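*Asks:* from the sequence below, what's the structure:
(chains A, B, C and D)
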Protein chains: 2
Amino acid sequence: MNLKQLAEELGLSQTTVSRALNGYPEVSEGTRRRVQEAAEQHNYRPNTRAKGLATGRSMMIGHVIPASTQHEMVNPVFGDFVAGASIACANRGYDTMFTRVDDGDEEAAYRSLMGKGSVDGVILQVPKIHDSRIALLKRIGLPFAVHGRSSDVTDSYNWVDVNNTSAFRRATEFLIDLGHRRIALINGLEIMDFAKRRRDGYTSALEAAGIAVDPSLMSSEEMTEVSGHHQTRDLLESATPPTAILVASMISALGVRRAIEEAGLKMGKDISVITHDDDLSYLKNGQDVPIFTATRSSVRNAGSILAEILIDSIATPLSPPRHKLLEAELVVGRSTGPAPA
Amino acid sequence: MNLKQLAEELGLSQTTVSRALNGYPEVSEGTRRRVQEAAEQHNYRPNTRAKGLATGRSMMIGHVIPASTQHEMVNPVFGDFVAGASIACANRGYDTMFTRVDDGDEEAAYRSLMGKGSVDGVILQVPKIHDSRIALLKRIGLPFAVHGRSSDVTDSYNWVDVNNTSAFRRATEFLIDLGHRRIALINGLEIMDFAKRRRDGYTSALEAAGIAVDPSLMSSEEMTEVSGHHQTRDLLESATPPTAILVASMISALGVRRAIEEAGLKMGKDISVITHDDDLSYLKNGQDVPIFTATRSSVRNAGSILAEILIDSIATPLSPPRHKLLEAELVVGRSTGPAPA
DNA sequence: TTGAAAGCGTTACCAA
DNA sequence: TTGGTAACGCTTTCAA
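*Replies:* Here you go, the predicted model:
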């Protein structure tokens, strides 16, 4: 059933039926009800492509996943983020599209999405410290928003991020408070912006406590079980092994646990381990200090906020962000778009 | 740049340009080259929605993810499957769309996708033993293919599955060969078809070896770390604990490991544990017997084959599957569609 | 080998 | 408050 047939059945014009269904004010209440009922009864849904062609919008938000980030899909937070974003999109009438590309084909993918008009905007994840995608998207004019920040990029853009720096600072402080002095950091690749921020949090806590930063205790690799395993093994085999380990990723942590077990050590007794995905807080001077709190739900929340911001910026590219910015424990949202016209 | 502009620039009609770009034979080679070069140079891409409207196809394959299956997204095999499918789709010119729905809204989601014409077909995952989605999709005429099977469904449909039964039979045989007699199965929820098949493989191996199936050694719950943990704890606390555990999911296995560690037992010494995601084979009478081999790449492969099958069935709904069916170690593909006209 | 023109199912402008 | 009609950007039939 299409609009034409529905209109004929009702003895009305397509125009009126369309208006009634899309909530235009100039339709009489009686007509509107009649139209809505008929539409309901015939299970009518406007064709996406026709609607898109007429309006010039695809009502679709894209996610481009390069192969190298592929293993990120293993990461629960990826799923949480995407779920949060896609629900928020759906609430605003937007669908979610995935494009999986080989490394190096990303630029082509964005150009293609833009050229074919298949999406109204894209969500960027896992930005690098210097991320060329941002400049590209600005250049070709495809609206976007970033989950995370890109330190070296001076262009303005919208982003939402977890507060990695303060989370890792607090975690390090916690371990210091427990009496640890040799605290290792098992980090992700530090071309990733979030990894750099995490390290910054870690080093700043050490420095504040007057503990020298020891490079041999810091390790930066892909966040996989295999990497986590040998990063840990190397640490444990060194002349002066750490008494505590701070792990940036739940996936790496699998390998960390395994290596500790293999070394015959007992976690929590011989060595302390904190992972970013732990839901953790502790009492300090009678105060409950959060460390990593509900990371996964924060990320889901971030996805949903980010989607909202993106969609707002699509609807009215030059208006100020009409968004309540969050500055919650772990989620920081900020909109640094151009000033309104 | 759109077709009209490109045609004007070339001094040709839209018709000819369209034909040249879409590989129609009746275009002279000279014209074709000229058109292709101009298209290349201007970075022209046909608008998806216009093309879709004209052809009646959306060139989009959908995945509907209900909230309850959400946690499946945590499972690496989910990512692998989706990656395999989406690459295969891309190779055939199809995009991939995700719809995340609340539990119970699935039926509405499929109806909506069909009604709006947003997808040409959908991929079903994690079928239940009796799965009502299959009948629904047949009823509304939305092409689909299933990753896994639905034992209680008698309708014909296309599916690709991992051979769960034989994998779990072999794994159980392996443990029996090692001398184990009290082998536990930590399974997913057995309303899922694959979970039932896994149990069947497990029990059939026990029966073949003359070992009585002990219900107290079989546990069936959600595949989460928390469940895996307490399933294992219960097993270990029983009067007659198992000497080996067969775990259906890598996520549950996290909890299993933790529970074993907490009980002060050592894996591989006090108790043997095999997980479905292990890449495992063993020597038996001088022969290398595969157990779980490269499950993740099998699943990726399954995704790709399934997408191909789905797309073939969309293109020519009544033709016989022109597909090479696989009967590899762990992947079984089979097409049981209606006979060709 | 090429082109004109009629769709595809909507929305949106301009009249009535 | 309603309707006629021209877009939207492409494919496809029919003619030339």
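*Asks:* for the closest residue to DNA strand D within the stretch 101-250 of chain A, what are its contacts?
*Replies:* Distance from DNA strand D to each residue of the stretch 101-250 of chain A (Cβ to the nearest atom of the strand) is smallest for A:Gly117, at 7.4 Å. All C-beta atoms are positioned from the backbone trio N, CA, C, and that covers glycine. Neighbour list for A:Gly117: A:Ser58, B:Asn47, B:Thr48, B:Arg49 [criterion: Cβ atoms under 8 Å, 6 or more residues apart in numbering or on different chains].
*Asks:* before we move on, what about A:Val289?
*Replies:* Contacts of A:Val289 by Cβ under 8 Å, 6+ apart are A:Arg170, A:Phe174, A:Ser281, A:Tyr282, A:Leu283.
*Asks:* export those to a markdown table and append columns for distance to A:Arg149 and neighbour count.
*Replies:* Output for the contacts of A:Val289, formatted as a markdown table (distance: Cβ to Cβ, whole Å; neighbours: other Cβ atoms under 10 Å in any protein chain shown):
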| residue | distance to A:Arg149 | neighbour count |
| --- | --- | --- |
| A:Arg170 | 19 | 23 |
| A:Phe174 | 25 | 23 |
| A:Ser281 | 25 | 17 |
| A:Tyr282 | 28 | 14 |
| A:Leu283 | 32 | 8 |
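*Asks:* the longest helix in chain A is where?
*Replies:* helix A:295-315 (DSSP state H).
*Asks:* before we move on, the earlier item: pull the most distant pair out of the contacts of A:Val289.
*Replies:* The distance between the two most remote of the contacts of A:Val289 (Cβ to Cβ) is 13.3 Å, for A:Arg170 and A:Leu283.
*Asks:* got the CA positions of the host helix or strand of A:Tyr282 in PDB?
*Replies:* Assigned by DSSP states H and E, A:Tyr282 belongs to strand A:281-284. C-alpha atoms of strand A:281-284 as PDB (Å, rounded to 0.1, in the frame of the first residue of the first chain):
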ATOM      1  CA  SER A 281      35.300   3.100  44.400                       C
ATOM      2  CA  TYR A 282      36.900   3.300  47.800                       C
ATOM      3  CA  LEU A 283      36.700   5.000  51.100                       C
ATOM      4  CA  LYS A 284      39.300   7.800  51.700                       C
END
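*Asks:* is A:Leu246 within a helix or a strand, and which one?
*Replies:* Using DSSP H and E, A:Leu246 falls within strand A:244-247.
*Asks:* gap between the spatially most central residue of chain A and B:Thr99?
*Replies:* Nearest to the mean C-alpha position of chain A, by Cα atoms, centre = their mean, lies A:His147 at 4.0 Å. For A:His147, the distance to B:Thr99 equals 20 Å [Cβ to Cβ, to the nearest Å].
*Asks:* and for A:Met97?
*Replies:* 10 Å.
*Asks:* over to A:Leu178?
*Replies:* 46 Å.
*Asks:* and those two? Which one has more around it.
*Replies:* More crowded of A:Leu178 and B:Thr99, by other Cβ atoms under 10 Å in any protein chain shown: B:Thr99, with 23 against 12.
*Asks:* OK, contacts around that one?
*Replies:* For B:Thr99, the contacting residues are A:Ser86, A:Ala90, A:Asp95, A:Thr96, B:Gly62, B:His63, B:Val64, B:Ile65, B:Ala109, B:Leu113, by Cβ under 8 Å, 6+ apart.
*Asks:* which of those fall within strands?
*Replies:* A:Asp95, A:Thr96, B:Gly62, B:His63, B:Val64, B:Ile65 (DSSP state E).
*Asks:* which one of the residues you listed is nearest to DNA strand C?
*Replies:* Nearest member of the ones in strands among the contacts of B:Thr99 to DNA strand C, counting by Cβ to the nearest atom of the strand, is A:Asp95, at 15.5 Å.
*Asks:* and the residue nearest to the closest one when sequence neighbours are not counted, how many residues sit next to it?
*Replies:* Counting by Cβ to Cβ, 6 or more residues apart in numbering or on different chains, A:Asp95 lies nearest to A:Met60, which is 4.9 Å off, once chain neighbours are set aside. Using other Cβ under 10 Å, A:Met60 has 25 other residues around it.
*Asks:* returning to that earlier point: please see if the longest helix of chain A touches DNA strand C.
*Replies:* No - Helix A:295-315 is not in contact with DNA strand C by Cβ under 7 Å from any atom of the strand; minimum separation 12.4 Å.
*Asks:* how far does that helix sit from its chain's centre?
*Replies:* Centre-to-centre, helix A:295-315 and its host chain are 8 Å apart (Cα atoms, centre = their mean, to the nearest Å).
*Asks:* next: stretch A:154-165.
*Replies:* On Cα atoms, centre = their mean, the centre of stretch A:154-165 falls 11 Å from the chain's centre.
*Asks:* could you work out the end-to-end span of it for me?
*Replies:* 20 Å (Cα to Cα, to the nearest Å).
*Asks:* can you give me the mean pLDDT across it?
*Replies:* Taken as a whole, stretch A:154-165 has an average pLDDT of 84.
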